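**Student:** Pasted the sequence and its predicted model underneath.
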Amino acid sequence: MSTTAAPPRYRPLTFGVTRASVRQGAGGVQYLSADQPLQGYAERMSDRLLHWAAATPEAIFIAQRERTADGKTGDWRRVSYAQALDAARRLAQALLDRGLSAERPVVILSDNGIDHALLALGCMLAGVPYSPASPAYSTVSKDYGKLRHVIDTLTPGLIYAEDGARYGAAIAAVAPAGAEVVLSRGAGHAHLNGRAATPLAELLATTPTPAVDAAQAATGPDTIVKFLFTSGSTKLPKAVINTHRMWCANQQQMRQSMPVLAEEPPVLVDWLPWNHTFGGNHNVGMVLNNGGTLYIDEGKPTPALIHETLRNLREIAPTLYFNVPTGFEAIAHAMQTDALLRKTFLSRVRMLFYAGAALAQPVWDSLFASEEREVGQRIVMTCGLGMTESGPFGLFVTSPDVKAGDLGLPTPGLELKLVPTEGKVEIRYRGPNITPGYWRGPEATAEAFDEEGFFRTGDAVQWIDAADPHKGLRFDGRIAEDFKLATGTFVSVGPLRGRVIAGGAPYIQDVVLTGLNRKEVGALVFPTPAVRTLAGLPPDAPMADVLAHPAVLRKFQSLVTDLSLSATGSANRVARLMLMAEPPSIDLGEVTDKGSINQRAVLQHRDHLVQALYDETPGHVVIKPGTDLCPP
């Protein structure tokens, strides 16, 4: 007698869009839209601050742990909506007094923080655009090249950083003579190479006048709120114009796609950086638009900082949780043995959401096991597709039955155009959440839109089920990354890269595929610190020694053999692999500060290693299927 396993039970979660309309165009083009219209939304994101400050003045808007004298994080500092509005009005008056504008905006260099958030709110009330620049451009980069590009593009009238000691060298190197420097702390001349700085406390002491209300009233849907720079994965970063219409429309689109946002004010524990659209628009906007609370997580999904994230999640129970796959992997591993983490983190979370890369199946399985053990149900793990130019929210899954790569359907008000391109299908966007273009980049703006006004994403998609469009779309990689082998066979980089990373979890950080005009696909593999556990060497052992260890070589030889056995042809068969001892460089553009790999830059700057991979140059270890480099 056969039995069928019961379907998994999920904590209830409603999906807002489950059906779509498709119409056919010329040349195989298809147009896809949600089957419901976009409802009304605010004219300005600042309207939402005013609303919640009046409706729930004592509710906590944002919280951050204070720093103790020894630099460690201590108790939470909490700021209510009423307090946030009061500080924002004071800062807005100070900005108006300085005559700042879109031509002379505010550039923010710091990590996520309360002062950063309050200054951003002050900019919104004053109608002065702001731009949060990647902290890595100031603190990791050695030549400040990308930071200088940001400054040259925006010509700011005010540059803010939280800590003069941390950001002083970068400010001294790139700040124009006419830009005022404002710091929360560390305003000493020594940090800034003798340059004067204004304490943020001085701006916060400004008394607001009716000019603030007049300035806020003068803003509208087309007013620029902020400039967010692209990651610069192929060229120098571009300044994406973000208007009030774009941000407000996108937040309403999120409410309709994710009805959970309207059921209770969201509580987030979040580290995602505000200089990126995921953290700064999607998550901060979600909290502000829906009267929620954001607990700033100063941890990150790295071995050195994940302990801070776990500490916060043992203490604060989020209602929604967002992270990248490496973050979920660390949390899944910790929950296997950490009862308090399981109890707090899973107590009221309604939805998990990942973005940035594929989530390996073992991570899904581990999360589900901990959830079923603790609460008797699974928590829905969701995902979607978007980009800086789309606000970012674009597509969202339609059911709890999510598989890696699933994107779902477009959010209400966003029309998709599916265009056959180079053997794939490119997805393009048109809607109120799409940027009007790039600041001071007319040529880039013109190139970004097609003849019908659709934004060209460069992302490729395919139907989850071609016979049932209501199931939505699946990610099919980046068109610009794909290449042909010497045989003329196209290699689809995105799916194959995902297979390699998933197969090598948790030992692979990222992969760059090779093989342009060659007969075989190869891989340059950037390992994670977890490979050190395979080698059993001291923590300070050189990475080159770690990667040469027999246990490490056997692990990756097994991986490339398994990948070869599961391949169906030369286009998805990794025939050779080399481990990278040097991590990808942010200065060379090989990686963005959020960790996204730039395939083109890696291939350009490591061409000698690509040559060695195929020529099997002495001194370089090339791992191939079935080649036992280190017998037990």
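**Tutor:** Done, it's in.
**Student:** all helices of the stretch 501-632 of the chain, in order?
**Tutor:** Under the criterion DSSP state H, counting those that start in this stretch, the stretch 501-632 of the chain contains helices at 531-535, 543-547, 550-566, 599-605, 607-615.
**Student:** To Glu447, which of those lies closest?
**Tutor:** Closest of the helices of the stretch 501-632 of the chain to Glu447 is helix 599-605, at 17.2 Å (criterion: C-beta to C-beta). For glycine as for every other residue, the C-beta is placed from the backbone atoms N, C-alpha and C.
**Student:** Can you show me the strands along the stretch 351-500 of the chain?
**Tutor:** 351-354, 380-382, 384-386, 393-396, 406-410, 415-421, 424-430, 455-463, 473-478, 483-484, 490-491 (DSSP state E, counting those that start in this stretch).
**Student:** in the protein, what spans have low per-residue confidence?
**Tutor:** 1-5, 189-190, 232-235, 356-357, 592-595, 627-632 (pLDDT under 70).
**Student:** domains for it, by residue range?
**Tutor:** The chain breaks down by automatic domain parsing into domains covering 8-42+298-479, 76-219, 482-615.
**Student:** Same list (those) but as CSV, adding mean neighbour count and distance to Trp271.
**Tutor:** Putting those into CSV (neighbours: other C-beta atoms under 10 Å; distance: least, C-beta to C-beta, whole Å) gives the following:
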stretch, mean neighbour count, distance to Trp271
domain 8-42+298-479, 19, 6
domain 76-219, 20, 7
domain 482-615, 18, 11
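**Student:** Which one of these lies nearest to Asn242?
**Tutor:** domain 8-42+298-479 (6.7 Å).
**Student:** Any idea how far apart the tips of that closest one sit?
**Tutor:** Using C-alpha to C-alpha, to the nearest Å, the span of domain 8-42+298-479 from its first residue to its last is 36 Å.
**Student:** tell me how far that domain is from the chain's mean position?
**Tutor:** 11 Å (C-alpha atoms, centre = their mean, to the nearest Å).
**Student:** Please identify which of the helices of the stretch 501-632 of the chain is closest to Ala304.
**Tutor:** Here helix 531-535 is closest among the helices of the stretch 501-632 of the chain (C-beta to C-beta), at 13.6 Å.
**Student:** can I get the CA coordinates of the closest one in CSV?
**Tutor:** Provided in CSV are the C-alpha atoms of helix 531-535 (Å, rounded to 0.1, in the frame of the first residue of the first chain):
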residue,chain,number,x,y,z
VAL,A,531,37.8,26.1,3.5
ARG,A,532,40.1,26.6,6.4
THR,A,533,38.1,24.1,8.4
LEU,A,534,38.8,21.5,5.7
ALA,A,535,42.5,22.1,5.8
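**Student:** name the helices or strands packed onto it?
**Tutor:** Where contact means 3 or more C-beta pairs under 8 Å, 6 or more residues apart in numbering; DSSP states H and E, helix 531-535 is packed against helix 543-547, helix 550-566.
**Student:** can you list the ones you listed in TSV and add distance to Lys471?
**Tutor:** Listed next are the helices and strands packed on helix 531-535 as TSV, based on distance: least, C-beta to C-beta, whole Å:
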stretch	distance to Lys471
helix 543-547	42
helix 550-566	25
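**Student:** Leu524 reaches Val511, doesn't it?
**Tutor:** Yes - when contacts are counted by C-beta atoms under 8 Å, Leu524 is listed as touching Val511 (7.0 Å).
**Student:** I am finished for the moment; much appreciated.
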